[in-house]
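>>> Got a predicted model here, sequence first, then my questions.
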Amino acid sequence: MLQLNGLDGQRMQALLHSEVGQLQRKIWHDRHLKEKQFQLGDWVSLYDLRYKYFKGKLRRRWLGSYTVEKYNDNGSVLIQTIDEEAISMLVNGHRLKIYRKPLSKQEFIETLGKLVLAVE
């Protein structure tokens, strides 16, 4: 490369430093991404976008529960309501998270019994 004066070298060095910084941020970001894997029949909760910009402690942001009918390669997910009247909708997979089913009383007692046996 041809350098006409000191400014060209400084500009090139500044561009190189900014590209290195961007690359480091990209590597850090990609390392901390969590891949969401949904299986057919999983229970999921749907994020309600109405409250994205309205911060409030007592607002319910997650709707659900829904079941996963189909997971597409592009990240979209076909979900269905868990009601007598099943309604299907196609949503972005980023708006979903796995819904943990609440334990019944019998399941809780069985789980607690297993933990007690494991400790003894």
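Arrived safely.

>>> how about the longest strand seen in the chain: buried residues?
What stands out as the longest strand in the chain, according to DSSP state E, is strand 62-71. Judged by neighbour count using 16 or more other CB atoms under 10 Å, the buried positions of strand 62-71 are 64-68, 71. Every residue, glycine included, has its C-beta placed from N, CA and C.

>>> by contact count, what packs against that strand?
When contacts are defined as 3 or more CB pairs under 8 Å, 6 or more residues apart in numbering; DSSP states H and E, strand 62-71 packs onto strand 43-47, strand 76-81.

>>> out of those, which comes closest to residue 102?
Among the helices and strands packed on strand 62-71, strand 43-47 comes nearest to residue 102, with 10.5 Å by CB to CB.

>>> Off-centre distance for that closest one?
Centre-to-centre, strand 43-47 and its host chain are 11 Å apart (CA atoms, centre = their mean, to the nearest Å).

>>> Could you give the average pLDDT over that strand?
Across strand 43-47, pLDDT averages out at 92.

>>> same question, stretch 92-101
88.

>>> Name the residues of it that are buried.
Here stretch 92-101 shows 93, 95-96, 99 as buried, counting by 16+ other CB under 10 Å.

>>> Many thanks, we can stop here.
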